[in-house]
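Trainee: no sequence on hand, only this structure:
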């Protein structure tokens, strides 16, 4: 016979109380407004953890106070006591009791898993909100940094305008000196009623010939001549191009292998200025979006993007490298500014306004050409108005870009320049005009050495060959002329209208340049 079942721990017909939190018989049982039975101590501890939120509310928005709890009590008819005596725990010797224990543990695990998932979702929401706030803060900081740089640039331009000095010329002839005059301001109350001669102005001899004049300062000219001696000597010793250079047949088989689209962020995308540094395999371009982009051909990527270069369209750009290997970029724009930037962060070194005259047509102040001198410390800029500006470029603090000399043709108010380029040796400046002429400036004397005529339209570009005596020029009328500076005449003409039956098919040539060997022309 099977052994008899153990005596029941509860009274027949009475349902035992079970705590909704622990799954056990509660001590000091209470009922919540939602009808849950719990031990008072466990429920109060749970309320402390949840901050007074009903743990059984699925929305987690209803609060629960201890005063809302209803205590339960059982009244014994025999002992007349109100204490709720918990029944003895069920024995684990039977299958029903084991199932009851497993059910209780399973419910507790599910409740804990539910709480954990809800806490995870809340943490994710908080993290997402924090990331959005961080992104907004980064955007604000970037905008403030851009506004700060623009404000600094405006302050620098204003300060340079306020520091203009009055130059008084003493003496006559070519050997006259220019001195800086510092005239003290009159005291308050002084007027025309003062009697007696006024004291002469205080004349201070400048320490360096750094004031703006019509001639390049002698110290700068000596540095340019020293560089010219080194370059011209090495140019005469240049060996002929090696046999490994491309032949005409190989060039005829060239095809496009890659294409990059830059300056596409504005409503009118496009490149307005381009210079290629074959020695360091980089290309620098300026666009209608008023940005400068530095592109590495070797790494096939954009190295830097310089935004806010000008208030108007960028018209010209040149690139060079300093002795310590840094990249120097000089730009010119339609607003008349020449600016310099230096790697690796391409911060603004300085800015100069090439035309000081605030009156007149703004288009005449546009910079049409800018070239960095082979020394790397000077630059020459030309304007539409026909002005040549000699500037110093330095990375030293407080120097940046400074105008050193300004000169132009005599009795040539109607001349308009369209482009310019410096000779590889650094003592000749070639300039193209809107009338189709090439003008060769001798920088040693700051005078015109040659005027070459041959184009029907405006000269769009010019380039000196590395041999030192050939120069090529292109025009809006379609001709490309190769000049010999020694003879002062053309030696080759390309795209002649007589060579084409349909003259309307000849369009403007935007640019022409020699290759580094001087053998080929593109």
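Mentor: Nice, I can see it. Everything quoted here is computed from the prediction, not taken from an experiment.
Trainee: and the contacts of the helix or strand harbouring residue 370?
Mentor: Following DSSP states H and E, one finds residue 370 within strand 367-372. In this structure, residues lying in contact with strand 367-372 by CB atoms under 8 Å, 6 or more residues apart in numbering are 315-320, 328, 330-334, 336-338, 354, 378-384, 393, 417-422, 429, 431. C-beta coordinates here come from the backbone N, C-alpha and C atoms, glycine included.
Trainee: okay, the angle between the next helix or strand after that strand and strand 367-372?
Mentor: Counting by DSSP H and E, the next helix or strand C-terminal to strand 367-372 is strand 378-383. Using axes from the mean of the first three to the mean of the last three CA atoms, to 10 degrees, the inter-axis angle of strand 378-383 relative to strand 367-372 is 170 degrees.
Trainee: which residues sit against the helix or strand following strand 378-383?
Mentor: Per DSSP H and E, the first helix or strand lying C-terminal to strand 378-383 is strand 387-394. The contact list for strand 387-394 (CB under 8 Å, 6+ apart) reads 216, 220, 328, 330, 338, 340, 349-350, 352, 354-355, 372, 376-383, 399-408, 420, 429, 431, 441, 443, 446.
Trainee: filter these to the buried ones?
Mentor: Among the contacts of strand 387-394, the ones that count as buried by 16 or more other CB atoms under 10 Å are 216, 220, 328, 330, 338, 340, 349-350, 352, 354-355, 372, 376-383, 400-401, 403-408, 420, 429, 431, 441, 443, 446.
Trainee: picking that back up, among the contacts of strand 367-372, name the ones in strands.
Mentor: 315-320, 328, 330-333, 337-338, 378-383, 393, 417-422, 429, 431 (DSSP state E).
Trainee: residue 137: neighbouring residues, count only.
Mentor: 10 (other CB atoms under 10 Å).
Trainee: actually residue 519, sorry about that
Mentor: Number of residues near residue 519 (other CB under 10 Å) recorded here: 15.
Trainee: closest to the centroid, which residue in this protein?
Mentor: Nearest to the mean C-alpha position of the chain, counting by CA atoms, centre = their mean, stands residue 306 at 3.6 Å.
Trainee: check contacts around that residue.
Mentor: Applying CB under 8 Å, 6+ apart, the residues near residue 306 are 291, 292, 293, 294, 329, 341, 346.
Trainee: for residue 466, see how far away it is.
Mentor: With distances taken as CB to CB, to the nearest Å, residue 306 is found 29 Å from residue 466.
Trainee: which SSE is residue 150 in?
Mentor: Assessed by DSSP H and E, residue 150 sits inside helix 95-162.
Trainee: can you pull out the low-pLDDT segments for the stretch 51-200 of the chain?
Mentor: 74-93, 163-200 (pLDDT under 70).
Trainee: and stretch 306-323, what's buried?
Mentor: Buried positions in stretch 306-323, judged by neighbour count with 16+ other CB under 10 Å: 306, 309, 310, 313, 314, 315, 316, 317, 318, 319, 320, 321.
Trainee: wait, the fourth one sits on residue 333?
Mentor: Yes - the pair formed by residue 313 and residue 333 meets the contact definition of CB atoms under 8 Å, at 6.6 Å.
Trainee: which neighbours do these two share?
Mentor: residue 290.
Trainee: ok, back up a step: how much space between the residue nearest to the centre of the chain and residue 315?
Mentor: 15 Å.
Trainee: about what we covered before: any chance of the buried residues of stretch 306-323 in JSON lines with pLDDT as columns?
Mentor: Putting the buried residues of stretch 306-323 into JSON lines (pLDDT from 0 to 100) gives the following:
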{"residue": "306", "pLDDT": "88"}
{"residue": "309", "pLDDT": "82"}
{"residue": "310", "pLDDT": "84"}
{"residue": "313", "pLDDT": "87"}
{"residue": "314", "pLDDT": "89"}
{"residue": "315", "pLDDT": "90"}
{"residue": "316", "pLDDT": "92"}
{"residue": "317", "pLDDT": "94"}
{"residue": "318", "pLDDT": "93"}
{"residue": "319", "pLDDT": "92"}
{"residue": "320", "pLDDT": "90"}
{"residue": "321", "pLDDT": "87"}
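Trainee: count of neighbours near the residue nearest to residue 367 when sequence neighbours are not counted?
Mentor: Excluding its sequence neighbours, the residue lying closest to residue 367 (CB to CB, 6 or more residues apart in numbering) is residue 332, at 3.0 Å. Look at residue 332: counted by other CB under 10 Å, it has 31 neighbours.
Trainee: residues in contact with residue 231?
Mentor: Counted by CB under 8 Å, 6+ apart, residue 231 has contacts 374, 424, 425, 426.
Trainee: first-to-last residue distance for stretch 22-34?
Mentor: 17 Å (CA to CA, to the nearest Å).
Trainee: could you do stretch 337-355 as well?
Mentor: End-to-end distance for stretch 337-355: 8 Å, by CA to CA.
Trainee: in a helix, that's where residue 250 is, yeah?
Mentor: Yes - under DSSP: H, G, I helix; E, B strand; the rest coil, residue 250 falls within a helix.
Trainee: from residue 520, how far off is it?
Mentor: In terms of CB to CB, residue 250 sits 11 Å off from residue 520.
Trainee: higher neighbour count, the two?
Mentor: residue 520 (14 against 9).
Trainee: any idea of the pLDDT on the more buried one?
Mentor: Note on residue 520: pLDDT of 81.
Trainee: can you tell me the closest non-neighbouring residue to it?
Mentor: residue 251 (6.8 Å).
Trainee: neighbours of that neighbour, just the number please.
Mentor: A count of neighbours around residue 251, defined by other CB under 10 Å, yields 12.
Trainee: in a markdown table: the buried residues of stretch 306-323, plus distance to residue 69.
Mentor: Below are the buried residues of stretch 306-323 laid out as a markdown table (distance: CB to CB, whole Å):
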| residue | distance to residue 69 |
| --- | --- |
| 306 | 70 |
| 309 | 73 |
| 310 | 75 |
| 313 | 78 |
| 314 | 77 |
| 315 | 83 |
| 316 | 84 |
| 317 | 80 |
| 318 | 84 |
| 319 | 81 |
| 320 | 84 |
| 321 | 82 |
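Trainee: farthest-apart pair in those, please.
Mentor: Within these, 313 and 321 form the most distant pair, 26.4 Å apart (CB to CB).
Trainee: show me where pLDDT drops low in the stretch 301-450 of the chain?
Mentor: 357-361, 397-398.
Trainee: quick revisit: got a list of what the residue nearest to residue 367 touches?
Mentor: 314, 315, 316, 317, 338, 354, 367, 368, 369, 370, 381.
Trainee: would you mind checking which of these is nearest to residue 435?
Mentor: Closest approach between those and residue 435, by CB to CB: residue 368, at 13.8 Å.
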